[in-house]
Every structure is written in structure tokens, then in C-alpha cells.
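Trainee: fold the stuff below for me.
(one chain, ligands or ions: 2)
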Amino acid sequence: MAAGTIPTQTPDVTPWKDTTLRRSREAPRQARQAIKRWLADTHTSLCSDVLQVVSELVSNVIEHVPAGPQRDWLEVRLGHGPGFVRLEVIDPGTPGRQPRFAPLRQSSLDLSGRGLGIVAALSVRCGSHLVDHGHRVVWADLAPATLSEAGGQVAQAADRARQQHPDRAEL
Ligand SMILES: Nc1ncnc2c1ncn2[C@@H]1O[C@H](COP(=O)(O)OP(=O)(O)OP(=O)(O)O)[C@@H](O)[C@H]1O
Ligand SMILES: [Mg+2]
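Mentor: Numbers count the residues shown, from 1 in each chain. Ligands and ions are numbered 1, 2, ... in the order given. This is a model prediction of the structure:
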């Protein structure tokens, strides 16, 4: 499937990066490599959480979405919204099964069913929906953990803008 063919992101999210990966055991690592590359210069404080979330979502595709003809792909996308980064993992879909975002209970010793609880704990909101051709999108919005971090990133952006446009007094 060609990257960028399924319009899934909500209007307040600006698409930024995407990659289509072959479904394989290597896919979680390849997705982490792409995220690390994309976030190397910006959003460094979010990078570790986004790496964890993409690992869970891509592993779920390998584990829970059946393989088959025309189904050997998954897509990873990053977008920007006001104060957050949107991660989306898109898969070929599977009828009769859908992601269960069960909250992680601190006392739980369950050995599986933890992944989407971790995703929910690391994100400000997350969810899943079907799009054309029965393809599924699982998404999570991640924001800097503290206001001071968010403020720091805004300040850095302002510094960069001042360096690029030293004549603009309002920056
Ligand atoms: N992309 C997906 N499509 C369809 N169902 C999914 C998808 N991802 C997850 N699920 C369903 O949601 C359930 C919960 O997922 P979760 O990642 O929390 O647990 P798990 O993958 O079963 O175990 P763990 O992640 O702890 O190894 C899964 O058992 C599966 O039934
Ligand atoms: Mg899982």
C-alpha cells in the first residue's frame, strides 16, 4: 500500500511523517528507528514515550491481525496538533476483533493484556477506528509531561526564530 493514501488524521492534526513497513518480526524495531530519526531534533522529551507506544502498537499488529495476501503491511504516521504529537499505526484490519484499552491496574500480575494499558497511561488520549477497506487505525496523542517542558520547547522555538529573523522585534 502506498504511504499517505488513507486520510485518517483529525482536522486539528497536521500530518508530518509516515512510513510503510513490511509485516515482519523486524517491524517493531524498524518503527522505533523511524520514530527516533523523526524526533531526533524536536520533541526529544517525548521520544522515549513515543518509542514505547509505537513498540506496543506495531507488536499488536504482528500478534493480533491475521496475515494473508495484500495484508503484509502496516503504516506508522506522526502528526502535530496544538501541544501534542499524534502517533498512528494503521493495519489491514480484522473483523470481529478490536483493540481493548484496559486500564493498567497497579496490582495486576497479568502477563498479557498490558500493552494498550501502557499506551493509555503514556498518552493524553488514545483510540482506534476503522477507515476505508476495513483498515484499522490505532492512535495516541502524546504531550510533554510537564508545563515547564512544554514551555522550554516553546522558548527554544522562539530562540531559533530570533536567530533566523534578528530584525523582527516581536519575536
Ligand atoms: N491492531 C489490533 N487489531 C485488533 N485487535 C487488537 C489490535 N491491537 C490489540 N488488539 C486487541 O486488544 C487486546 C489488548 O491488547 P494489549 O496490547 O493490551 O494486550 P496483548 O497484546 O494481548 O498483550 P501484551 O501487549 O501485554 O503482550 C488484544 O488482546 C487484542 O485482542
Ligand atoms: Mg499487545
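
Trainee: contacts for the helix or strand encompassing Ser128, please.
Mentor: Here Ser128, judged by DSSP states H and E, is contained in strand 125-130. Strand 125-130 is contacted from outside by 8, 93, 98-99, 101, 116, 119-120, 136-141, using Cβ atoms under 8 Å, 6 or more residues apart in numbering. To be clear about C-beta, it is placed using only N, CA and C from the backbone, and glycine gets the same treatment.

Trainee: 10 Å - rerun?
Mentor: With Cβ atoms under 10 Å, 6 or more residues apart in numbering as the test, strand 125-130 has contacts from 8, 53, 57, 84, 86-89, 93, 95, 98-101, 116, 119-120, 135-143.

Trainee: and those residues, which of them are in helices?
Mentor: Secondary structure from DSSP state H places 53, 57, 116, 119-120 of the contacts of strand 125-130 in helices.

Trainee: for ligand 2, tell me which of those show up nearby.
Mentor: For ligand 2, no contacts are drawn from the ones in helices among the contacts of strand 125-130 by Cβ under 5 Å from the ion.

Trainee: now do the end-to-end distance for stretch 66-76.
Mentor: 18 Å (Cα to Cα, to the nearest Å).

Trainee: er, stretch 84-100 I mean
Mentor: End-to-end for stretch 84-100, by Cα to Cα: 23 Å.

Trainee: is any part of it close to ligand 2?
Mentor: No - if you take Cβ under 5 Å from the ion as the test, stretch 84-100 misses ligand 2, and the best it gets is 8.8 Å.

Trainee: what residue in this protein comes nearest to ligand 2?
Mentor: Residue nearest to ligand 2 within the chain: Gly115 (2.9 Å; Cβ to the ion).
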